[in-house]
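K.L.:
Give the three-dimensional model of this entry:
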Amino acid sequence: MGQVFDKLRGKQWRQKQVQAICDRVFDRFKLQTGRANLTFEDLYIAVLLVYNDINKRLPGPHFDPPSKDLVKSMMTDCDINLDGEIDREEFVKFIELLSADTFAVVSQGLIISLIVAPTVAIATKKATEGVPGVGKVVHKLPTSVYASLVTLAVVWANSDSS
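P.N.:
Numbers count the residues shown, from 1 in each chain. So this is what the prediction gives:
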């Protein structure tokens, strides 16, 4: 599954997206506070901003940000220089660890929506053509249009249920 996603977007796509989001959020805090590093409170607010950005940009269900306790324990793990604050490199590592599951869920949803749904639509088109009333309409639709409609229905159902 990850291999398909890598082929579609390039192997470094995820890292580039995380880096871009982290840079934007980190630079915002640096500009507002005048400090080069993030304190715990800054880090938690930054995590909320990153999750807001992820939820706005990625398809599928919205993801709840982690609790303050989880952020605190992960901060301790990611604070490589042990200064009690998070610098830019540590922040990127922190967000990569935090968002790994998020990207896996999004990847699964994309693969189901973009690969599995059209394949199933094409396979079931013949069976649907035999249904009275609906069959004539389905038979007249080109397979590509039918597959696109089924895929849109799957995407719509997924976004509606989240």
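K.L.:
For burial, what's the neighbour tally of residue 65?
P.N.:
17 (other C-beta atoms under 10 Å). In short, each C-beta sits where N, CA and C put it, glycine included.
K.L.:
now the nearest residue to it once chain neighbours are set aside, what's its secondary structure?
P.N.:
Leaving aside its sequence neighbours, residue 65 sits nearest to residue 51 (C-beta to C-beta, 6 or more residues apart in numbering; 4.1 Å). Secondary structure for residue 51, judged by DSSP: H, G, I helix; E, B strand; the rest coil, is helix.
K.L.:
pull the helix or strand with minimum mean pLDDT from this protein.
P.N.:
Of all helical and strand segments in the chain, the minimum by mean pLDDT, DSSP states H and E falls on helix 2-9, at a mean of 50.
K.L.:
What segments of the chain are helices?
P.N.:
Taking DSSP state H as the criterion, the chain carries its helices at 2-9, 13-33, 40-57, 68-78, 88-111, 117-129, 135-140, 143-161.
K.L.:
pLDDT below threshold where in this protein?
P.N.:
1-14, 57-61, 101-115, 155, 157-162 (pLDDT under 70).
K.L.:
returning to that earlier point: how close does the residue nearest to residue 65 get to residue 63?
P.N.:
6 Å (C-beta to C-beta, to the nearest Å).
K.L.:
Of those two, which one has the most company?
P.N.:
For residue 51 versus residue 63, the count of surrounding residues by other C-beta under 10 Å is larger for residue 51: 20 against 16.
K.L.:
What residues does residue 148 make contact with?
P.N.:
Contacts here follow C-beta atoms under 8 Å, 6 or more residues apart in numbering; on that basis residue 148 touches residue 118.
K.L.:
Dihedrals phi and psi, the most far-flung residue of the chain relative to its centre?
P.N.:
In terms of distance from the mean C-alpha position of the chain, residue 132 ranks first, at 40.8 Å (C-alpha atoms, centre = their mean). The phi/psi pair for residue 132 (degrees, to the nearest 10) reads phi -60, psi 140.
K.L.:
cool, and the one 10 residues further on?
P.N.:
Dihedral angles phi and psi of residue 142 (degrees, to the nearest 10) take the values phi -60, psi 150.
K.L.:
That one: neighbour count?
P.N.:
Count around residue 142 with other C-beta under 10 Å applied: 8.
K.L.:
Next one: residue 66 from residue 30, what distance?
P.N.:
22 Å.
K.L.:
whoops, I mixed them up, residue 44
P.N.:
16 Å.
K.L.:
who's more crowded, these two?
P.N.:
residue 44 (18 against 15).
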